[in-house]
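[1] got a predicted structure here, sequence first:
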Amino acid sequence: MNQDSSGNKTKFVRVWRQLDVEEVKKQLLYIDDLYGTCGSCKKLGLNYLKDKNCPDCGSVFKYLATKLTQPGEIGKILSRIQKEGLDLTLIERADFERSSAQDAARDLFKS
Ligand SMILES: [Zn+2]
């Protein structure tokens, strides 16, 4: 059995899910480390462990996206979210940006 010291058998596994890109955009916090930027109004210096919503535009954060790609760094973020019992989902920033770009491109061709 694959079990860690805490007796917790759960592990992080990446899951593909269909998300409403526009909805995600309104509930997204971009993070670099502990601090991040509101996806809606670009307010800087938000702490994802403390700021459940944006003090400027009022967006309630449900999703986090990060530029970090090191599994160790990602693991730290996930562990913090779990430890604090936060209702946040970490999404792959590259995937999200690709989806947003596709939507933007599609809009360009709308008449
Ligand atoms: Zn904001």
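    On my side now, so go ahead.
[2] all contacts plus neighbour counts: C-alpha atoms, from now on.
    Will do.
[3] centre-most residue in the chain?
    By C-alpha atoms, centre = their mean, the chain has its centre lying nearest to Leu64, at 1.5 Å.
[4] so who does that residue touch?
    28-31, 88-91 (C-alpha atoms under 8 Å, 6 or more residues apart in numbering).
[5] among those, who's most crowded?
    If you count neighbours using other C-alpha atoms under 10 Å, the busiest of these is Leu29, which has 34 neighbours.
[6] how close does that residue get to Leu108?
    26 Å (C-alpha to C-alpha, to the nearest Å).
[7] what about stretch 34-43, near the ion?
    Yes. Applying C-alpha under 5 Å from the ion, one finds stretch 34-43 touching the ion at 38, 41.
[8] what does that stretch rub up against?
    25-31, 44-49, 54, 56-57, 59.
[9] in helices, which of those residues fall?
    Among the contacts of stretch 34-43, the members falling in helices (DSSP state H) are 25-26.
[10] can you give me the strands in this structure?
    Secondary structure of the chain (DSSP state E): strands located at 28-31, 35-38, 46-47, 63-66, 89-92.
[11] which positions in this structure make contact with the ion?
    Going by C-alpha under 5 Å from the ion, the residues of the chain near the ion are 38, 41, 54, 57.
[12] if anything else comes up later, I'll come back, but that's it for now.
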